[in-house]
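Student: Whatever this is, show me its structure:
(one chain, ligands or ions: 1)
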Amino acid sequence: MPSLLKCIDCGREYALDDRVTACHACGGLLDVAHDLDALRPAISRELFDRRLASWNPLDRSGVWRYRELVRPGVSAAQAVTRGEGNTTLYTAGPKLASYAGVARLQLKHEGENPTGSFKDRGMTGGVTQARVVGARSVICASTGNTSASMASYAAIAGLQALVFFPAGYVALGKVAQSLAYGATSVQVEGDFDDTLALVRRACDELPIYLLNSINPFRLEGQKTIVIELLHQRGWRVPDWIVVPGGNLGNSAAFGKALHELHALGLIDRLPRLAIVQAEGANPLYRSYLDGWQVRHTVRAETLATAIRIGNPANYPKAVRALRWTDGVVTEVSDQAILDAKAQIDAAGIGCEPASAATVAGIRRLVDEGTIGPGDDVVAVLTGHLLKDPDAVMKYHAGALPGLESTFANAMRTIKPSLDEVAALLDLRV
Ligand code: AN7
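Tutor: Next comes the predicted model:
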């Protein structure tokens, strides 16, 4: 049986090349449902290894290398790819690992994607599908990274890109990218949740194709973060995979990836998923504490603007992912996020604030005894350091109101004198 689209609530099915992005019958989220029994003989660890030595553009992409698990049957002519993925899996040095509180910490740096965030993995899936269904215009609501990625991939595919931002709350690097890649860029007087609601209404009424992570082809691409990191580890499963939670697309995608890899026999057990939210944008954490009795929403507020989201669209799929993986949810303060970021940055790796919620979250979960100090932990860094230069400069200048710049590295000014240079040598010891 070929892969198809299937509503996770009512089970209604649609053909894979249907233009639908949410169930027409009940409004539920759609899965790209693969026939795992049919796929099992077609894929193997050796197949993925072989593709690492190939120059075929599909094999070179860290998404399409795993195409049987993303969109079976995709052709090189159809795929809109920038060779995304192939991101480094860093092993944290002793200083960063001890800050996090675990001996074994790896960081999968999704900020190394072509537009500087994990969104490129989803967007190659989504924009490829936009071409398959014959879309001319694509749209997203975005806290910034989705828009940067969609603007780039739409430009490559020759589609009109419409990006809608919550006015005033998008980091500088991300706005700059959307304008530069030629997207029609709009600020909406509202927050992300208002903006996404508007965009969804527009897609119901107008001939525009939705590329938020409600679109199931986005999530199929984002699954490859987990697939690639396991491939990099020789399919050795860590104890924990830790990810920030905003609209919960990654959380949803990771759960589906792990569930499928396990069913296909590529991994022999499941890691536990830990989702970390900002304290001021913590609807999933609230529902987790309530034992999933209530689907909470909040008016979101955090300096980590990427995850300033109060009504996450992928909530049901994230809950499913947590059930599949015996997962946990936690929350961290902006202070903890920025201090963890300073540690990741000073380790020479670097990331944007939302990504650093992972290390702050690990620290908290170790403190609470949920993660053991001897556990094998992989954190996913979702965005590049340069996405939010304002946050970096203000932190190191001690200029963030109400927050301590615990690990500030202040700019110094000297006279052009050798003595003053010599004096600098002592500053680091
Ligand atoms: C760096 O770009 O929602 O929980 O519109 O940019 O999968 O939504 C960005 C989200 C984490 C949260 N880290 O991921 C957008 C947007 C970074 C991000 C998240 C985002 P999800």
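
Student: Quick check: the gap between the nearest residue to Gly93 once chain neighbours are set aside and the ligand.
Tutor: In this structure, Gly93 finds its nearest non-sequential neighbour in Ala347, 6.0 Å apart by Cβ to Cβ, 6 or more residues apart in numbering. Where C-beta positions appear, they are placed from N, C-alpha and C, glycine not excepted. Using Cβ to the nearest ligand atom, to the nearest Å, one gets 18 Å for the distance from Ala347 to the ligand.

Student: OK, contacts around Ala347?
Tutor: 92-93, 95-96 (Cβ atoms under 8 Å, 6 or more residues apart in numbering).

Student: Count the neighbours of Arg40 for me.
Tutor: 13 (other Cβ atoms under 10 Å).

Student: Am I right that it sits in a strand?
Tutor: No. Read with DSSP: H, G, I helix; E, B strand; the rest coil, Arg40 is helix and lies in no strand.

Student: Enumerate every residue touching it.
Tutor: 264-265.

Student: Under the pLDDT cut-off, which ranges of the protein? List them.
Tutor: 427-429 (pLDDT under 70).

Student: could you pull out the strands for it?
Tutor: 4-7, 13-14, 30-33, 89-91, 104-109, 137-141, 160-166, 184-188, 209-210, 240-244, 272-278, 328-332, 376-381 (DSSP state E).

Student: now the ones you listed as CSV including distance to Phe217?
Tutor: As requested, the strands of the chain are exported to CSV (distance: least, Cβ to Cβ, whole Å):
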stretch, distance to Phe217
strand 4-7, 9
strand 13-14, 12
strand 30-33, 7
strand 89-91, 25
strand 104-109, 22
strand 137-141, 12
strand 160-166, 16
strand 184-188, 22
strand 209-210, 10
strand 240-244, 20
strand 272-278, 22
strand 328-332, 26
strand 376-381, 20
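
Student: Include distance to Ala356 and mean neighbour count when you put those into JSON lines, please.
Tutor: Formatted as JSON lines, the strands of the chain follow (distance: least, Cβ to Cβ, whole Å; neighbours: other Cβ atoms under 10 Å):
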{"stretch": "strand 4-7", "distance to Ala356": "35", "mean neighbour count": "19"}
{"stretch": "strand 13-14", "distance to Ala356": "39", "mean neighbour count": "14"}
{"stretch": "strand 30-33", "distance to Ala356": "31", "mean neighbour count": "21"}
{"stretch": "strand 89-91", "distance to Ala356": "14", "mean neighbour count": "15"}
{"stretch": "strand 104-109", "distance to Ala356": "10", "mean neighbour count": "23"}
{"stretch": "strand 137-141", "distance to Ala356": "24", "mean neighbour count": "26"}
{"stretch": "strand 160-166", "distance to Ala356": "21", "mean neighbour count": "23"}
{"stretch": "strand 184-188", "distance to Ala356": "26", "mean neighbour count": "16"}
{"stretch": "strand 209-210", "distance to Ala356": "29", "mean neighbour count": "24"}
{"stretch": "strand 240-244", "distance to Ala356": "8", "mean neighbour count": "28"}
{"stretch": "strand 272-278", "distance to Ala356": "10", "mean neighbour count": "27"}
{"stretch": "strand 328-332", "distance to Ala356": "9", "mean neighbour count": "23"}
{"stretch": "strand 376-381", "distance to Ala356": "8", "mean neighbour count": "26"}
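
Student: To Val80, which of those strands lies closest?
Tutor: Nearest to Val80, of all the strands of the chain, is strand 137-141, at 10.8 Å by Cβ to Cβ.

Student: Can you name the residues of the stretch 201-350 of the chain that neighbour the ligand?
Tutor: Residues of the stretch 201-350 of the chain found near the ligand (Cβ under 6 Å from any ligand atom) are 213, 244-251, 306-307.

Student: In helices, which of those appear?
Tutor: 249-251 (DSSP state H).

Student: Looking at these, which is nearest Arg121?
Tutor: Looking across those and measuring by Cβ to Cβ, the closest to Arg121 is Asn250, at 9.5 Å.

Student: Any idea what the residue lying closest to the closest one once chain neighbours are set aside is bridged to?
Tutor: Nearest non-adjacent residue to Asn250, counting by Cβ to Cβ, 6+ apart: Val243, 5.1 Å away. Listed beta-bridge partners, Val243: Ile275 (assigned using DSSP bridges).

Student: where do the helices sit along the stretch 151-300 of the chain?
Tutor: Listed in chain order, the helices of the stretch 151-300 of the chain (DSSP state H, counting those that start in this stretch) span 172-180, 192-205, 216-232, 249-264, 283-289.

Student: so Pro283 sits right up against Val298, yeah?
Tutor: Yes. Between Pro283 and Val298 there is a contact under Cβ atoms under 8 Å: 5.1 Å.
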